[in-house]
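>>> predicted model follows, preceded by the sequence.
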Amino acid sequence: MENQLIDQTDEINLTESQITTNSDKMEVVPLVEENEKNVDLPATSSKTILIALLMCVFISQSLYMNVVALLPQYAAEKFPHMSHFEVGLLMGIYPIAVLLSAPFIGDKLSYFGRKNVMTTGVLLMTVATLMFALGGYCDRFEPFYAVSFTARLLQGVADALVVTTVPSLIIIEYPRQQELYLGYMGLVFGAGLTLGPLMGSLAYRWLNYTDTFYFFAAYMLVLGLISVFNIPSRLNDSEN
């Protein structure tokens, strides 16, 4: 009986020794809470992305308003028989395009990739601005109105691509400061609407109608692509 107790004690001591040995070999794996996966990026990268996003918003809104300052004046001078309804429809198709396209864009952001959508918006806005310049070569009212109407419609879709994607990226990239940065976006949004007519009027003062839109197409393309290139491709991933 005593021998059996001694044997069992030896087995228990051996088991404890194995457990101790195995514990020494085990690696300590730090636990990461789910909320800590969404921390902000390093300060330099984070600021660069934020500036790029806000720049895209400013550019799109400034182009929206500078057309409002230029096109009605030019149309009244070259086509004085143009009615108020036709002018209003030309201006109003922009927000209508935003209204109709924004829900679809928002639903497909993850499918197409957020950076891809931003890039498409910048390029489409550039093409639409170039179309306004081409409208300046039309001497007849019908082609001028058709080109300008199409350009204004495409501008609205391009703006929807930008202003739908930017808030999504801010919420994803800056979960702890999203309210502050969305406020920054609202500030830049208003600045673009305010400065757009001023920028358009100053350019039109020194350039003609066609060259003014060539200038703003280059302005959109250069600053827009610089902004998009500073947005990391990882944001195309819906899991980020």
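Received it, and whenever you're ready, just let me know what you need. Numbering: from 1, shown residues only.

>>> ok, the most centrally placed residue in the chain to residue 230 distance?
Central residue check for the chain by C-alpha atoms, centre = their mean: the C-alpha nearest the mean position is that of residue 166, 3.5 Å away. Distance of residue 166 to residue 230, computed by C-beta to C-beta, to the nearest Å: 13 Å. To be clear about C-beta, it is placed using only N, CA and C from the backbone, and glycine gets the same treatment.

>>> likewise for residue 93?
As judged by C-beta to C-beta, residue 93 and residue 230 stand 32 Å apart.

>>> just checking, the residue nearest to the centre of the chain touches residue 52?
No - assessed by C-beta atoms under 8 Å, residue 166 is found out of contact with residue 52, at 9.7 Å.

>>> and the next helix or strand past the helix or strand that contains residue 67?
If you go by DSSP states H and E, residue 67 is part of helix 43-78. Using DSSP H and E, the helix or strand that follows helix 43-78 in sequence is helix 84-107.

>>> other SSEs contacting that next one?
Helices and strands touching helix 84-107, as assessed by 3 or more C-beta pairs under 8 Å, 6 or more residues apart in numbering; DSSP states H and E, comprise helix 43-78, helix 141-173.

>>> among the ones you listed, which is nearest residue 212?
Each of the helices and strands packed on helix 84-107 has some distance to residue 212 by C-beta to C-beta; the shortest is helix 43-78, at 6.4 Å.

>>> tell me the mean pLDDT over the closest one?
Regarding helix 43-78, the rounded mean pLDDT is 81.

>>> and for stretch 161-180?
Regarding stretch 161-180, the rounded mean pLDDT is 90.

>>> and it, C-alpha only, in PDB?
Extracted in PDB, the C-alpha atoms of stretch 161-180 (Å, rounded to 0.1, in the frame of the first residue of the first chain):
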ATOM      1  CA  LEU A 161     -18.300  60.300 -56.300                       C
ATOM      2  CA  VAL A 162     -16.100  62.600 -54.300                       C
ATOM      3  CA  VAL A 163     -18.500  63.900 -51.500                       C
ATOM      4  CA  THR A 164     -19.900  60.400 -51.000                       C
ATOM      5  CA  THR A 165     -16.500  58.700 -50.700                       C
ATOM      6  CA  VAL A 166     -14.700  61.300 -48.500                       C
ATOM      7  CA  PRO A 167     -17.000  61.000 -45.400                       C
ATOM      8  CA  SER A 168     -16.700  57.200 -45.600                       C
ATOM      9  CA  LEU A 169     -12.900  57.300 -45.700                       C
ATOM     10  CA  ILE A 170     -12.800  59.800 -42.800                       C
ATOM     11  CA  ILE A 171     -15.100  57.500 -40.600                       C
ATOM     12  CA  ILE A 172     -13.000  54.500 -41.500                       C
ATOM     13  CA  GLU A 173      -9.500  56.100 -41.200                       C
ATOM     14  CA  TYR A 174     -10.200  58.300 -38.100                       C
ATOM     15  CA  PRO A 175     -12.700  56.500 -35.800                       C
ATOM     16  CA  ARG A 176     -11.600  58.400 -32.700                       C
ATOM     17  CA  GLN A 177     -11.700  61.800 -34.400                       C
ATOM     18  CA  GLN A 178     -14.300  61.400 -37.000                       C
ATOM     19  CA  GLU A 179     -16.600  64.100 -35.700                       C
ATOM     20  CA  LEU A 180     -13.800  66.700 -35.700                       C
END
